[in-house]
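Novice: Quick one, structure for this:
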Amino acid sequence: MIKRNESGEMEIRLFTLDEAAAYVGMGKKSTRKFMDEIKATRKFGSRVAFDKKVIDAALDTLAAETYNISVVHSTH
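Specialist: Now for the predicted structure:
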């Protein structure tokens, strides 16, 4: 099943390095290091991609720690 957003567009689960860097607002080198730290890196042969769900969870956790709020993660 293809997951689509509210406007009917297909949601992308795996990012390229450029896409991940744009998504988190960092340079490529910092993004690559951050992706490895949060274990968002996925390898498929020689292809490397970065898991959006892992990135979102890590960013939510960082925000919760920074602002002392609780975070509930979806199981989907």
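
Novice: switch to C-alpha atoms for all contacts and neighbour counts from now on
Specialist: OK.

Novice: Now for residue 16: which residues touch it?
Specialist: 48, 49, 50 (Cα atoms under 8 Å, 6 or more residues apart in numbering).

Novice: quick one: average pLDDT of the longest helix anywhere in the chain?
Specialist: Criterion DSSP state H: the longest helix present in the chain is helix 52-67. Across helix 52-67, pLDDT averages out at 90.

Novice: next one: stretch 18-28
Specialist: The model assigns stretch 18-28 a mean pLDDT of 97.

Novice: same thing with stretch 34-41?
Specialist: 98.

Novice: which residues touch that stretch?
Specialist: Stretch 34-41 has contacts (Cα under 8 Å, 6+ apart) with 48, 49, 50, 51, 52, 54, 55, 58.

Novice: Correct me if wrong: the fourth one contacts residue 15.
Specialist: Yes - A contact is recorded between residue 51 and residue 15 when judged using Cα atoms under 8 Å, the distance being 6.5 Å.

Novice: where does residue 9 land on pLDDT?
Specialist: So residue 9 comes in at 84 (pLDDT).

Novice: Report how many residues lie close to it.
Specialist: 10 (other Cα atoms under 10 Å).

Novice: try residue 56
Specialist: Based on other Cα under 10 Å, the number of other residues close to residue 56 is 15.

Novice: And for residue 30?
Specialist: With other Cα under 10 Å as criterion, residue 30 counts 11.

Novice: Extract the CA atoms of the strand or helix carrying it and return them as PDB.
Specialist: For residue 30, the enclosing helix or strand under DSSP states H and E is helix 28-37. In PDB, the C-alpha atoms belonging to helix 28-37 read as follows (Å, rounded to 0.1, in the frame of the first residue of the first chain):
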ATOM      1  CA  LYS A  28      25.800  17.400   4.400                       C
ATOM      2  CA  LYS A  29      28.800  16.500   6.700                       C
ATOM      3  CA  SER A  30      26.800  17.400   9.900                       C
ATOM      4  CA  THR A  31      23.800  15.600   8.600                       C
ATOM      5  CA  ARG A  32      25.700  12.400   7.800                       C
ATOM      6  CA  LYS A  33      27.200  12.400  11.300                       C
ATOM      7  CA  PHE A  34      23.800  13.000  12.900                       C
ATOM      8  CA  MET A  35      22.100  10.300  10.800                       C
ATOM      9  CA  ASP A  36      24.700   7.800  11.900                       C
ATOM     10  CA  GLU A  37      24.300   8.900  15.600                       C
END
